[in-house]
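# Everything below, folded, please.
(2 chains)
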Protein chains: 2
Amino acid sequence: MKIAISGKGGVGKTLLASLLSKTFAEAGYSVLAVDADPDANLAANLGFPHPEEITPISELSNLIEERTGARPGQSAPFFKLNPKVDDLPENYSVKHDGIKLVVRGGIKGGGTGCYCPEGALLQALLSHLLLQRDEVVILDMEAGIEHLARGTAKAVNKLIVVVEPGRRSIETAYRIHKLAQDIGLENIAVVGNKIRSQSEREFLITNLPDLEFLGFIPYDQALVDADLANLPLLDSSQQIVAAVKNIYQSLVCTARVPSIVN
Amino acid sequence: MKIAISGKGGVGKTLLASLLSKTFAEAGYSVLAVDADPDANLAANLGFPHPEEITPISELSNLIEERTGARPGQSAPFFKLNPKVDDLPENYSVKHDGIKLVVRGGIKGGGTGCYCPEGALLQALLSHLLLQRDEVVILDMEAGIEHLARGTAKAVNKLIVVVEPGRRSIETAYRIHKLAQDIGLENIAVVGNKIRSQSEREFLITNLPDLEFLGFIPYDQALVDADLANLPLLDSSQQIVAAVKNIYQSLVCTARVPSIVN
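Residues are numbered from 1 along each chain as shown, chains lettered A, B, ... in the order given. All right, here's what the predicted structure looks like:
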């Protein structure tokens, strides 16, 4: 099962990614979580000790040079477009509470069309994770899903777009939906987060009539308070945990993942 | 006066950019607002009619080809690194309520080091806006500020990092602060947004001891309700407007902008 999570900044992608990872792991699945959003911190959310000490793969210059033949940041005329990456999930991941985490990291600056060594490595890694791993892979992505190319998009069992009651997050959901259609990704669904009332729930349903809703996560001040007090987030709200368990159930049932044999 | 606004996704960068633009315009300044965050919608926040019909500069393929000599998306071996851009603010901006808006747009996919035609044009445009315009320029940016290069960073009078009461937005603020130091940008300050209580305000001050606070914007349900009801945001909360006016005052006073002669 491959799950990609996207949405506007601040809607709660990382919260959903971490709670889903935990729920799958507790159910006995082998889980590989991927932090693909340079502005997120999936490691901290998952309760990894010293998350700031995990070096993102995009910053491993020696590794990038070894695999692609060119150093990041240098405008090399030639480098391997299909570098070897199948050992990276084992050798460059960290593990905690049964969840394996790969921190992908970002690429500095803007520019594409032209391709660069670190881009080639990260793209190859993403393809590998989506096409060749038999674990549950959970990708915490940016709002832009352009990193999913045509070939790999088909392997995504579900692209979850997180929205909150607010017009801007709806606009971003539309933009993501359009991008997904462009790359042939049809398994898209929405999760509404920070829901305070029935009318906020209805606002989201009314404004996203073409998309399937996988579930809703309530707003809970307990989560905010735990964050401010620097307490673990994942156990801070029973309501939120219960809501994510329902979302997990929908995912497992609709995606027809084989059940685990313990 | 050149103001760049950054911070974690969802903290309220676009709200601050739009209210500051409005406040400067009402005070008689000539304002050029720049939407440099592909996941934001500054035009909608500023109340522009039909914001979805404004084509971002990054998508004007013919313009990019005309100016750089290469078409976007093509890996051209040669193109102009310093294309002409000084006419773009006049010819490719839209105007509403006295505010001129340039929608920069984003670059698809990831990759840099290698440079591409659209990147060259957008970079040249940013330099032009920061170094050669005599208006108040307000940049609504992404959390990544890597687009500000060494040469242009000096021209920024104030880089405002918006934070909200939450650990993740603080982490992003630290990351931005470090990036800013790397490029020699020293005029950095913080605005706390969505403040519900004195303790939330203190949480931010305690956790960002090294940064100057320009001001605080309260959380106001009236803004959320206006958004859900699709009403204009800029007038929806007197409290928020008043808080942004204070921030404007600090900016004008600390940056020693010449006063306007009407």
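# list the buried ones in stretch A:63-82?
Neighbour-count burial for stretch A:63-82 flags A:63-65, A:67-68, A:70, A:72-73, A:76, A:79 (criterion: 16 or more other Cβ atoms under 10 Å in any protein chain shown). All C-beta atoms are positioned from the backbone trio N, CA, C, and that covers glycine.
# As CSV, could you dump the C-alpha coordinates of that stretch?
The C-alpha trace of stretch A:63-82 is given here as CSV (Å, rounded to 0.1, in the frame of the first residue of the first chain):
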residue,chain,number,x,y,z
LEU,A,63,26.3,9.9,-1.6
ILE,A,64,24.8,11.9,-4.4
GLU,A,65,28.1,12.2,-6.1
GLU,A,66,28.9,8.5,-5.7
ARG,A,67,25.6,7.5,-7.2
THR,A,68,25.1,10.1,-10.0
GLY,A,69,28.7,10.9,-10.8
ALA,A,70,28.2,14.6,-10.1
ARG,A,71,28.2,16.8,-7.0
PRO,A,72,25.0,18.7,-6.0
GLY,A,73,25.0,22.4,-6.8
GLN,A,74,27.5,21.9,-9.7
SER,A,75,26.1,22.3,-13.1
ALA,A,76,27.4,19.1,-14.4
PRO,A,77,26.7,18.4,-18.1
PHE,A,78,26.4,14.7,-17.5
PHE,A,79,25.3,12.5,-14.7
LYS,A,80,23.4,9.2,-14.2
LEU,A,81,19.7,9.8,-14.6
ASN,A,82,18.9,6.4,-13.1
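# which other residues reach the helix or strand A:I170 falls within?
Using DSSP states H and E, A:I170 falls within helix A:167-182. For helix A:167-182, the external contacting residues (Cβ atoms under 8 Å, 6 or more residues apart in numbering or on different chains) are A:6-8, A:11, A:143-146, A:148, A:153, A:159, A:161-163, A:186, A:188, A:190, A:204, A:207-208, A:210-211, B:14, B:39-41, B:44, B:227-228, B:230.
# From the residues you listed, which land in helices?
A:153, A:204, A:207, B:14, B:44, B:227-228 (DSSP state H).
# show me what contacts the residue most central in space within chain A?
Nearest to the mean C-alpha position of chain A, by Cα atoms, centre = their mean, lies A:D140 at 1.6 Å. Contacts for A:D140 (Cβ under 8 Å, 6+ apart) come out as A:5, A:13-14, A:17, A:33-37, A:40, A:42.
# pretty sure A:D35 is touching A:A43, no?
Yes: between A:D35 and A:A43 a contact is recorded at 6.7 Å, counting by Cβ atoms under 8 Å.
# and for the two, which residues touch both?
Joint contacts of A:D35 and A:A43 (Cβ under 8 Å, 6+ apart) are A:101, A:103.
# okay, those two: which has more neighbours?
A:D35 (28 against 22; other Cβ atoms under 10 Å in any protein chain shown).
# Just give the closest residue to the more buried one, not the sequence neighbours.
A:L42 (3.8 Å; Cβ to Cβ, 6 or more residues apart in numbering or on different chains).
# tally of neighbours for the one you found?
Look at A:L42: counted by other Cβ under 10 Å, it has 28 neighbours.
# Now do the contacts for it.
Contacts of A:L42 by Cβ under 8 Å, 6+ apart are A:14, A:17-18, A:33-35, A:101, A:103, A:140.
# coming back round to it: just the ones of the contacts of helix A:167-182 in strands?
Judged by DSSP state E, strands contain the following of those: A:6-7, A:159, A:161-163, A:188, A:190.
# Which parts of chain A are strands?
Assigned by DSSP E, chain A shows strands spanning A:2-7, A:31-35, A:94-96, A:99-103, A:136-140, A:158-163, A:188-195, A:212-218.
# Relative to the whole chain's centre, how far out is the shortest one?
Pointing back at strand A:94-96 there. The chain centroid and the centroid of strand A:94-96 are separated by 17 Å under Cα atoms, centre = their mean, to the nearest Å.
# name the helices or strands packed onto that strand?
strand A:99-103 (3 or more Cβ pairs under 8 Å, 6 or more residues apart in numbering or on different chains; DSSP states H and E).
# Compute the inter-axis angle for the strand it packs on and strand A:31-35.
With axes from the mean of the first three to the mean of the last three Cα atoms, to 10 degrees as the basis, strand A:99-103 and strand A:31-35 are set at 20 degrees to each other.
# Any part of strand A:99-103 near chain B?
No: judged by Cβ under 8 Å from any Cβ of the partner chain, strand A:99-103 and chain B are separated, with a smallest distance of 13.7 Å.
# before we move on, what about stretch A:57-64?
No: Stretch A:57-64 stays clear of chain B (Cβ under 8 Å from any Cβ), getting no nearer than 8.8 Å.
# Nearest spatial neighbour of A:S6, chain-adjacent residues omitted?
A:M141 (4.8 Å).
# returning to what we had before: just the buried residues out of the contacts of helix A:167-182, in PyMOL syntax.
Buried residues among these (16+ other Cβ under 10 Å), as a PyMOL selection:
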select buried, (chain A and resi 6+7+8+11+143+144+145+146+148+153+159+161+162+163+188+190+204+207+208+211) or (chain B and resi 14+39+40+41+44+227+228)
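# still on that earlier bit, can you tell me which of the buried residues of stretch A:63-82 is nearest chain B?
Nearest to chain B among the buried residues of stretch A:63-82, counting by Cβ to the nearest Cβ, is A:G73 at 4.5 Å.
# per-residue confidence at the closest one?
With respect to pLDDT, A:G73 scores 66.
# With A:V103 instead?
A:V103 is given a pLDDT of 94.
# Could you double-check that it lies in contact with A:A43?
Yes: contact criterion Cβ under 8 Å: A:V103 and A:A43 qualify, at 6.5 Å.
# Spit out the residues that contact those two alike.
By Cβ under 8 Å, 6+ apart, A:V103 and A:A43 have these common neighbours: A:35, A:54, A:94.
# any chance of those residues in JSON lines, plus distance to B:P117 and pLDDT?
Output for the shared contacts of A:V103 and A:A43, formatted as JSON lines (distance: Cβ to Cβ, whole Å; pLDDT from 0 to 100):
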{"residue": "A:D35", "distance to B:P117": "31", "pLDDT": "94"}
{"residue": "A:I54", "distance to B:P117": "35", "pLDDT": "92"}
{"residue": "A:V94", "distance to B:P117": "39", "pLDDT": "95"}
